[in-house]
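Student: Return a 3D structure for these sequence lines:
(2 chains)
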There are 2 protein chains.
Amino acid sequence: MTATATTTKQFLNAEQVLEHWQGHRNLTRRVIEAFPEKELFEFSIGGMRPFAKLAVELISIGGPGVKGIVENRMEAYDEEKFQPKTKEELLKKWDEETEVINHYFAQISAERFQESFNLFGQYEFPVYQNILYFIDNEVHHRGQGYVYLRALGIEPPFFWERFPVM
Amino acid sequence: MTATATTTKQFLNAEQVLEHWQGHRNLTRRVIEAFPEKELFEFSIGGMRPFAKLAVELISIGGPGVKGIVENRMEAYDEEKFQPKTKEELLKKWDEETEVINHYFAQISAERFQESFNLFGQYEFPVYQNILYFIDNEVHHRGQGYVYLRALGIEPPFFWERFPVM
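Tutor: Numbers count the residues shown, from 1 in each chain, chains lettered A, B, ... in the order given. Okay, here's the model as predicted:
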């Protein structure tokens, strides 16, 4: 990559990455809210999943992933467990997972972030990479939600607005 | 966020975040490649920009942003400077920026990542947040590119495949 040794340079700490992630989750929540009820569960482009399905994927990864890391469990990923029928039900579960993530994330040590973990018994990577994957996967699918909203003639929330206005 | 003090816990170091970013950039490069020439510059959904325009935005942010941080310059963001007419021209510039990013990123110190910087004279945030924004913005727009490809009946590259097969 580069010849300069940067190994010991801290880029950001655990508290900062959690705040970053929850900021993204707050934005994703507002994208879910922006969909009309019917389109949230039905609208799609090019054979892709409707946004409710993408949101259920995110719900099935974030909290369960962080909990699995802390408890050192490698249970298979399962998005069949939670099948919301309404936007309200989806948002309620979203908020519950916010607390699950805060609770378990705080228990991961600096050493653990660098250790390899077989996430969901399938993805063997250092823990920090697993967590970056949770965030990236959310930003990726939410970007797709933005296209759905635009195609529906709905203005999505600003990408850079991550926190609720109090 | 959470009551547990995590301030001193390193999440990842500078070398790791650069590798992570360049992995994403490699995937975005393959998404550019996946578009047919004409659709790269013309296809859009819901009044959004074609993928070539989104790629030019990414090119105008990443390298210039990191260079601006290192040189402490706050020049305005400018995506009018580079107006590629072909996919080849776009990919050539993409690869040049890969080197620009590697070169300047290595010069940022751990202290600097935590200092506030007025990026492009417009976005006043800690440097680590500016850099996370470069990555997130890329993942966001690339996710939109995936919808364009699907709508065109083209299979996009796997999201989790970040590095070229040697």
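Student: going forward, measure contacts and count neighbours with C-alpha atoms only.
Tutor: Noted.
Student: For residue A:27, which residues are in contact?
Tutor: A:157, A:159, A:161-163 (C-alpha atoms under 8 Å, 6 or more residues apart in numbering or on different chains).
Student: okay, the angle between the longest helix along chain A and helix B:127-151?
Tutor: Using DSSP state H to define each element, chain A has its longest helix at helix A:127-151. Counting by axes from the mean of the first three to the mean of the last three C-alpha atoms, to 10 degrees, helix A:127-151 lies at 50 degrees to helix B:127-151.
Student: Just want the most central residue of chain A.
Tutor: With distances taken as C-alpha atoms, centre = their mean, residue A:138 lies nearest the centre of chain A, 4.3 Å away.
Student: ok, for that one, nearest residue in space, not its chain neighbours?
Tutor: residue A:58 (6.3 Å; C-alpha to C-alpha, 6 or more residues apart in numbering or on different chains).
Student: In contact with that neighbour: list those residues for me.
Tutor: Residues near residue A:58 by C-alpha under 8 Å, 6+ apart: A:134, A:137-138.
Student: quick check, nearest of those to chain B?
Tutor: residue A:137 (8.2 Å; C-alpha to the nearest C-alpha).
Student: Assign a three-state SS to the spatially closest residue to that closest one that is not a sequence neighbour, would you?
Tutor: Nearest residue to residue A:137 in three dimensions, chain neighbours excluded: residue A:58, at 7.8 Å (C-alpha to C-alpha, 6+ apart). Look at residue A:58: counting by DSSP: H, G, I helix; E, B strand; the rest coil, its state is helix.
Student: Just the pLDDT at residue A:58, thanks.
Tutor: Predicted confidence (pLDDT) for residue A:58: 97.
Student: just residue A:78 next, same as before
Tutor: So, for residue A:78, pLDDT stands at 81.
Student: Quick check: closest non-adjacent residue to it.
Tutor: For residue A:78, ignoring the flanking residues on the chain, the nearest one in space by C-alpha to C-alpha, 6+ apart is residue A:60 at 6.5 Å.
Student: Number of residues surrounding that neighbour?
Tutor: Residue A:60 has 18 neighbours, counted by other C-alpha atoms under 10 Å in any protein chain shown.
Student: show me the contacts for it.
Tutor: Residues in contact with residue A:60 (C-alpha under 8 Å, 6+ apart) are A:77-79, A:82.
Student: And these, which is closest to chain B?
Tutor: Distance to chain B, by C-alpha to the nearest C-alpha, is smallest for residue A:77 among these, at 16.0 Å.
Student: A strand includes that closest one, no?
Tutor: No - Residue A:77 is assigned coil when assessed by three-state DSSP, not a strand.
Student: quick one: contacts for the residue lying closest to it once chain neighbours are set aside?
Tutor: Using C-alpha to C-alpha, 6+ apart and skipping residues adjacent in sequence, the residue nearest residue A:77 is residue A:120, 5.3 Å away. By C-alpha under 8 Å, 6+ apart, the residues touching residue A:120 are A:65, A:68, A:73-77.
Student: out of those, who has the most neighbours?
Tutor: Among the contacts of residue A:120, residue A:65 has the most neighbours (other C-alpha under 10 Å), with 24 neighbours.
Student: per-residue pLDDT, that residue?
Tutor: pLDDT at residue A:65 comes out at 95.
Student: so where does it fall, helix or strand?
Tutor: According to DSSP states H and E, residue A:65 maps onto helix A:51-71.
Student: what's the angle from that helix to helix A:127-151?
Tutor: Interaxial angle of helix A:51-71 relative to helix A:127-151 (the same axes, to 10 degrees): 170 degrees.
Student: Give the buried residues for helix A:51-71.
Tutor: A:51-70 (16 or more other C-alpha atoms under 10 Å in any protein chain shown).
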